[in-house]
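>>> A structural model of the following input is requested.
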Amino acid sequence: MADSSEPKPDIEAITDGIAALKRDLAALVEDVKRGAISSATGAAAQFGDEAADIYSQLAAQGARSARILARQVEEQPVASLLIAFAIGFLGSRLLSR
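Numbering: from 1, shown residues only. Here you go, the predicted structure:
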């Protein structure tokens, strides 16, 4: 009868080891999830910052282009009017087809 009682502690030890392994694995998965979420949040914030920088650069470039165009029209109004007419005429010809 002593033989039947010996395997029981081994089975309990194995069961306890498996339970501990499950807890450790669950903790590891949770840590990986938190790390992935933190990394994704950081990447999203960085992407947002870069997008804002690009937008501000494009807005500044657009404003500069508008000022240059306005100055060109003020300096040469007749030439600007003829160019605008020619572009409109060609555009209407191309779109009518």
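
>>> and the lowest mean pLDDT element among the helices and strands of the protein?
Every helix and strand of the chain was ranked by mean pLDDT, DSSP states H and E. The lowest is helix 2-5, at a mean of 51.

>>> where does the prediction get shaky in the chain?
1-8 (pLDDT under 70).

>>> go with 50
By pLDDT under 50, the weakly predicted segments of the chain are 1-2.

>>> just how off-centre is stretch 28-35 within its chain?
Centroid separation for stretch 28-35 versus its chain: 22 Å, with CA atoms, centre = their mean, to the nearest Å.

>>> then stretch 20-37?
Distance of stretch 20-37 from its chain centroid, counting by CA atoms, centre = their mean, is 26 Å.

>>> could you do stretch 65-85 as well?
39 Å.

>>> repeat for stretch 79-92
Centroid separation between stretch 79-92 and its chain, computed with CA atoms, centre = their mean, is 41 Å.

>>> again with stretch 48-67
Averaging C-alpha positions (CA atoms, centre = their mean) puts stretch 48-67 18 Å from its chain's average.
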